[in-house]
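[1] Provided below for reference: sequence and predicted model.
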Amino acid sequence: MIGAVIFDMDGLLVDSEPLWVESEIEVFGEVGVVLREEDCAQTKGLRVDDVVGHWYGRRPWNGPSRADVEATLIARVASRVRERGVALPGVSRAIEIAKGGGRPIALASSSPSAIIGAALERLDLGAAFDVVQSAETEALGKPHPGIFLRTAERLGVPPTRCLVLEDSLTGLVAAKAARMACVVVPFDHPDHDPRFVLADAILGSLEAFDEALIAALDRARR
């Protein structure tokens, strides 16, 4: 039986992906790394330090350290989320359905705590989750499964009884590596994208998430 539901955040609960793109183009531009929107898609779902490391490895800059660039990027994204973050369709209903039968729910995000806090405050979801976990405390970020395994441990539910809701390929790989069921709500990819073949289900939005789907996943995993 599905004993817990774990939500990703960026691009699933909050429409923050455009805010990340704006911030990345701005912050990396300030150190001479010119990015386009399609460039930012290469690092979607990664931890901030991995995003900075990705671009430093390909287009190293002089001046601010990687740690300084990382801190600036976090601050810019958090500010934009706090001012302009919008809940994606179906968020409140999906959370209530996930809690059905007394199931605990969690948020597990690659974003650092500062951005998670900004999003939860903006969406008024501060008390919605039993566990809130940032990948910033893990040795490795997604697609490594560490964040999901840690979240399951904190929930007190075996990984094989957890259902993850994700929007990115990076998150999907992490969830499946943790041996969890995973439903994908692609933020910026068509439903027929073959890269999502690992998903247990693909939804057009969280509005399509329901108890019938959870029951079907239960039956499929027995």
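    Yep, it's here.

[2] Going by C-alpha atoms from here, please, whenever you check contacts or count neighbours.
    OK.

[3] Report how many residues lie close to E38.
    Neighbour count for E38, taken as other Cα atoms under 10 Å: 9.

[4] Equivalent analysis for the one 10 residues further on, please.
    Under the neighbour criterion other Cα under 10 Å, V48 is assigned a count of 23.

[5] Could you pull out the helices in the chain for me?
    Counting by DSSP state H, one finds helices in the chain at the ranges 17-30, 37-40, 48-58, 66-84, 91-98, 113-123, 146-155, 169-177, 211-220.

[6] Could you list the buried residues of the last one?
    Of the residues in helix 211-220, 214, 217-218 count as buried by neighbour count, 16 or more other Cα atoms under 10 Å.

[7] got these as JSON lines, with pLDDT columns?
    What follows is the buried residues of helix 211-220, written out as JSON lines (pLDDT from 0 to 100):
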{"residue": "I214", "pLDDT": "95"}
{"residue": "L217", "pLDDT": "94"}
{"residue": "D218", "pLDDT": "89"}
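
[8] Report the residue ranges of every domain in the chain.
    4-14+86-220, 17-84 (automatic domain parsing).

[9] burial measure for the residue lying closest to Q133 once chain neighbours are set aside, as a count.
    Among residues not flanking Q133 along the chain, A108 sits closest, at 4.8 Å (Cα to Cα, 6 or more residues apart in numbering). For A108, the number of neighbouring residues by other Cα under 10 Å comes to 25.

[10] what does V184 give?
    Residues near V184, counting by other Cα under 10 Å: 25.

[11] State the distance from it to R47.
    19 Å (Cα to Cα, to the nearest Å).

[12] Was I right to think A119 contacts L12?
    No: look at A119 against L12 with Cα atoms under 8 Å: they stay out of range, at 11.6 Å.

[13] Let's have the helices of the chain in TSV, adding distance to P104.
    TSV is the format used below for the helices of the chain (distance: least, Cα to Cα, whole Å):
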stretch	distance to P104
helix 17-30	27
helix 37-40	33
helix 48-58	28
helix 66-84	26
helix 91-98	8
helix 113-123	17
helix 146-155	7
helix 169-177	17
helix 211-220	14
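
[14] what's the closest of these to A135?
    helix 146-155 (5.5 Å; Cα to Cα).
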